[in-house]
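Novice: this is the structure alone, sequence omitted:
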């Protein structure tokens, strides 16, 4: 297999006012959940598959015990305002070099279709098992800030403090060199679990931007199940706080643990 292999499923695809949305696996799988939900609810059409040895060396097994190589896929979602070129997938690159090479490919494909705006979707880790509907933004063009604030997106000075890692961040920087406006939209999430509730908040923002109405029922059901897990975790956390502090006596015995 080549270093990166693109399989075109449909040729001569024409897009109207195209916008590129990227929802790959990341913190809380927030962006992945949103992008996959868009693809499903908008009856999107798959136009290509991307395979690469920069993805982890594995196959995934479906409900019928059939396997497929991990890959990324691009779909076209039709809306009245824009046609959406959506990138979803099983994994991001497992290497720094691969991130740059794959993001270069993603941008080349976006330019091929005439994309002039990119939204990368992700999660912003808070480290807290509490829910917030807040969606945080970062842009590669300061002119986008006021526009996106109108959709309820918040911008905070120097946040995210550690930068944005992976395709969600890299695409913003690389697209700026190509004069393509881009924004990263991040739902607040604990960072510990897959977070469909945070994905709901981000999906609401996306619906406002594209003026579309999408059923959030499947995400709501997943969110209810996750709330039960979070409630259990909070109980365990509270029980640990109430336990006698035995750490002082045992510190020296445990220091060897890495």
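Specialist: Cool, the structure landed. Quick caveat, the model's predicted, so the values are computed rather than measured.
Novice: the most centrally placed residue in the chain: which element?
Specialist: Central residue of the chain (Cα atoms, centre = their mean): residue 31, 2.4 Å from the mean position. Secondary structure from DSSP states H and E places residue 31 in helix 30-41.
Novice: now for that helix, which elements pack on it?
Specialist: strand 19-22, strand 72-78, strand 83-89, strand 117-125, strand 181-189, helix 196-210, helix 217-242 (3 or more Cβ pairs under 8 Å, 6 or more residues apart in numbering; DSSP states H and E). Backbone N, C-alpha and C define where each C-beta goes, glycine included.
Novice: got a list of what the residue nearest to the centre of the chain touches?
Specialist: 22-24, 120-123, 168, 202 (Cβ atoms under 8 Å, 6 or more residues apart in numbering).
Novice: excluding covalently adjacent residues, which one is nearest to residue 131?
Specialist: Counting by Cβ to Cβ, 6 or more residues apart in numbering, the nearest residue to residue 131 once its immediate chain neighbours are dropped is residue 197, at 5.6 Å.
Novice: and the angle for the helix holding residue 31 with helix 196-210?
Specialist: Taking axes from the mean of the first three to the mean of the last three Cα atoms, to 10 degrees, one finds helix 30-41 and helix 196-210 inclined to each other by 60 degrees.
Novice: so for helix 30-41, what gets flagged as buried?
Specialist: 30-39, 41 (16 or more other Cβ atoms under 10 Å).
Novice: what angle do that helix and strand 117-125 make?
Specialist: Using the same axes, to 10 degrees: helix 30-41 against strand 117-125 is 130 degrees.
Novice: for the helix or strand that helix 30-41 is followed by, name the packing helices and strands.
Specialist: Where DSSP H and E defines the elements, the next helix or strand beyond helix 30-41 is strand 45-52. Helices and strands touching strand 45-52, by 3+ Cβ pairs under 8 Å, 6+ apart, are strand 4-8, strand 72-78, helix 96-112.
Novice: in its sheet, what does strand 45-52 sit against?
Specialist: Strand pairing for strand 45-52, using DSSP bridges, gives strand 4-8 (antiparallel), strand 72-78 (antiparallel).
Novice: looking at these, which is buried most?
Specialist: Among the strands paired with strand 45-52, the stretch with the highest mean neighbour count (mean count of other Cβ atoms under 10 Å) is strand 72-78, at a mean of 21.
Novice: show me where pLDDT drops low in the stretch 101-250 of the chain?
Specialist: Across the stretch 101-250 of the chain, residues meeting the criterion (pLDDT under 70) sit at 222-239, 241, 243-250.
Novice: residues in contact with the nearest residue to residue 33 once chain neighbours are set aside?
Specialist: Closest residue to residue 33 apart from its sequence neighbours, by Cβ to Cβ, 6+ apart: residue 199 at 3.8 Å. Going by Cβ under 8 Å, 6+ apart, residue 199 touches 28-30, 33-34, 37, 187, 219.
Novice: gap between residue 199 and residue 12?
Specialist: Separation of residue 199 from residue 12 (Cβ to Cβ, to the nearest Å): 33 Å.
Novice: I'd like the strands paired with strand 45-52 as a markdown table, with mean pLDDT and distance to residue 178 appended.
Specialist: Shown next, in a markdown table, are the strands paired with strand 45-52 (pLDDT from 0 to 100; distance: least, Cβ to Cβ, whole Å):
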| stretch | mean pLDDT | distance to residue 178 |
| --- | --- | --- |
| strand 4-8 | 97 | 19 |
| strand 72-78 | 97 | 18 |
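Novice: fine, thanks again, bye for now.
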